[in-house]
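Trainee: what's the 3D shape of this:
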Amino acid sequence: MADRERQIYQRALRLLARRPRSTAELSWRLARLGTPEVVRAVLQRLEREGLLDDLRFARLWVMARRARRGFGTDRLRRELWARGVNREVVEEALQLVQGEDEAVLAEQLARARLRAYRGLEAKVAARRLSAYLMRRGFPSSTIASVLRRMGLLDPPSGG
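Mentor: Alright, predicted model coming up:
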């Protein structure tokens, strides 16, 4: 039993050396290697040793994905949930980017992307930019605001 636990622990260390992982991700990867009790014991040991920490993982994920890919908080939230990070930890990690103006980031991405849509009718470019920004995780209200500022969407009519 101890030998199997040692093998699973070594496998976990190799996985963590490649990239940070959430507890759930690591658990899923190790599940086929041993009994749930042994995997749980390995995960607890890694947590005690400070090698496995969902909040640290989530914060690293948020900062890296925002910096490298320009993802909005909606996308970051979905990605972390998909990696098994619980909602409270996700929301705490997202606090790191809450002060940032997502509209500014969305507009920067839209303006860069707009170059690829030169020559297209404004409505078509707006539709494509909207879909692009939606996939990147920006809320529809932010997208509409950005497209209006760029002159690709008519201002809302006052009723």
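Trainee: next SSE after whichever helix or strand residue 57 is part of?
Mentor: Assigned by DSSP states H and E, residue 57 falls within helix 54-69. Per DSSP H and E, the first helix or strand lying C-terminal to helix 54-69 is helix 73-82.
Trainee: which SSE is immediately downstream of that following helix?
Mentor: From helix 73-82, the next helix or strand downstream (DSSP H and E) is helix 87-98.
Trainee: got a list of contacts for the helix or strand following that following helix?
Mentor: Once the chain leaves helix 87-98, the next helix or strand it forms, by DSSP H and E, is helix 102-114. Applying CB atoms under 8 Å, 6 or more residues apart in numbering, the contact partners of helix 102-114 are 66, 70, 72-73, 125, 129, 132-133, 136, 138-139, 142-143, 145-147, 149-150. Yep, even glycine has a C-beta here, placed from its N, CA and C like the rest.
Trainee: likewise stretch 22-35?
Mentor: The contact list for stretch 22-35, computed with CB under 8 Å, 6+ apart, reads 4-5, 7-8, 11-12, 15-16, 21, 39, 42-43, 46-47, 52, 54, 57-58, 80, 83-85.
Trainee: of these, select the buried ones using a ChimeraX command.
Mentor: Here is the ChimeraX command that selects the buried residues among the contacts of stretch 22-35 (16 or more other CB atoms under 10 Å):
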select :5,8,11,12,21,39,42,43,46,52,54,57,58,80,83,85
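Trainee: so for stretch 110-126, mean pLDDT?
Mentor: What stretch 110-126 shows for mean pLDDT is 90.
Trainee: pull out the buried positions in that stretch.
Mentor: 110, 114, 117, 125, 126.
Trainee: how about those residues in JSON lines, adding distance to residue 30?
Mentor: Output for these, formatted as JSON lines (distance: CB to CB, whole Å):
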{"residue": "110", "distance to residue 30": "42"}
{"residue": "114", "distance to residue 30": "45"}
{"residue": "117", "distance to residue 30": "46"}
{"residue": "125", "distance to residue 30": "47"}
{"residue": "126", "distance to residue 30": "47"}
